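# structure for the following, please:
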Amino acid sequence: MPIPPVELLELPNRFDRRILEEEYERIPRFLQSVQRVRDRELANGNGDFFHILAEQWKILASLQYVFRQGPATVLSSVGHWLDHVVLGMELSHGMEVSVMLEYFFGAIAVKNDSCAYCLATAPPDLLGFADDPDSLPPLVGRVAFALLREEDDEARTFLELLHGHLFEAPPDAPPPPGKAELCNLQRLGSALLARDAAAFNEQMEERCRLRVAALDVDSDVEIPQVIDWMALGFCSFARDRGLTPAIRHAYVPFALCEQRPA
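Numbers count the residues shown, from 1 in each chain. Sure thing, here's the model as predicted:
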């Protein structure tokens, strides 16, 4: 794919343009090269193959955004990303909870109902829920699935459980991994159910601050997947409940939600 002769999107974090350009050229070549084996891998039931392709399409969508390609181009890659997620799930290939959440909220953001419901109705072991019974991200997943079904009482119950783990733990208890983000997600969900636009927008701004800080300290990040699909998914849920997300941030390109199908 030719590299667009444009300045990169202005981002809060700095990334190496050379690495971005290399990936922007490599990924389309890779995706084209594997076309000839798709039918074979489908017949073999190789769900892992399709999830590898899904991840590459997701990275490509982020790079297209960074290189200032329009929403239609980015959304085309997003469509391929989520279609491959569904193929992988149909072939019974599981994933980690954190990966599943990003895929689910990406589907919510662009109104890809087939992918969202495929994930929400999958067996828990395919979603990573059984991998670590003491971890908290599965509670976020159950909140998200209840929001999709518009079962607000169920969502509220799981948010209360999450609140208890995060805010009512003994003082000497070790904090769970990613506590700051989990606290933010719990507050976002609570603001959403309360239809409190001010609290929702405040927590969305906090999420953006957390994301910028995390990318600043993560020295392993070379290829920025800067689109925050979880944030966009929450914004989509908010809009469906009559709230107006006010966040305008480089990592939350709301134009992608605005151009989704009606």
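# show me the shaky parts of the stretch 51-200 of the chain.
133 (pLDDT under 70).
# enumerate every residue touching residue 163.
Neighbouring residues of residue 163 by Cβ atoms under 8 Å, 6 or more residues apart in numbering: 186, 190. Yep, even glycine has a C-beta here, placed from its N, CA and C like the rest.
# hmm, residue 256 is touching residue 111, no?
No: if you go by Cβ atoms under 8 Å, residue 256 and residue 111 don't touch, sitting 10.6 Å apart.
# those two: who's more crowded?
Taking neighbours as other Cβ atoms under 10 Å, residue 256 and residue 111 compare with residue 256 leading, 23 against 14.
# and that one, what element?
Residue 256 belongs to helix 255-258 when assigned by DSSP states H and E.
# now swap in residue 88 and tell me
helix 71-90.
# buried residues, that helix. List them.
71, 74-78, 80-89 (16 or more other Cβ atoms under 10 Å).
# can you check stretch 149-168 too?
Quick answer for stretch 149-168 (16+ other Cβ under 10 Å): 155-156, 158-159, 162-163, 165-166.
# with distance to residue 98 added, can I get those residues in a markdown table?
What follows is the buried residues of stretch 149-168, written out as a markdown table (distance: Cβ to Cβ, whole Å):
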| residue | distance to residue 98 |
| --- | --- |
| 155 | 20 |
| 156 | 23 |
| 158 | 17 |
| 159 | 19 |
| 162 | 15 |
| 163 | 20 |
| 165 | 17 |
| 166 | 17 |
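# from the residues you listed, which land in strands?
With strands taken from DSSP state E, there is no overlap with the buried residues of stretch 149-168.
# between those, which sits nearest residue 198?
residue 159 (18.3 Å; Cβ to Cβ).
# hang on, that closest one packs against residue 191?
No: counting by Cβ under 8 Å, residue 191 is not a contact partner of residue 159; they are 10.3 Å apart.
# from the centroid of the protein, which residue is nearest?
Taking Cα atoms, centre = their mean, the centroid of the chain lies closest to residue 102, which sits 2.4 Å from it.
# and that residue, what does it touch?
Residue 102 neighbours (Cβ under 8 Å, 6+ apart): 229-230.
# strands of the stretch 1-150 of the chain, start to end?
For the stretch 1-150 of the chain, no strands are identified by DSSP state E, counting those that start in this stretch.
# please report how far residue 117 lies from residue 223.
Applying Cβ to Cβ, to the nearest Å, the value for residue 117 to residue 223 is 30 Å.
# nope, residue 96 is what I was after
On the measure of Cβ to Cβ, residue 96 and residue 223 end up 18 Å apart.
# out of those two, which sits in the busier spot?
Comparing residue 96 with residue 223 by other Cβ under 10 Å, the one with more neighbours is residue 223, at 17 against 13.
# and the helices in the chain?
17-33, 38-43, 47-66, 71-90, 97-109, 113-120, 137-148, 152-167, 179-193, 197-217, 229-240, 255-258 (DSSP state H).
# okay, the ones you listed in CSV with distance to residue 249 next?
Below are these laid out as CSV (distance: least, Cβ to Cβ, whole Å):
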stretch, distance to residue 249
helix 17-33, 20
helix 38-43, 36
helix 47-66, 13
helix 71-90, 16
helix 97-109, 14
helix 113-120, 23
helix 137-148, 21
helix 152-167, 24
helix 179-193, 14
helix 197-217, 5
helix 229-240, 8
helix 255-258, 12
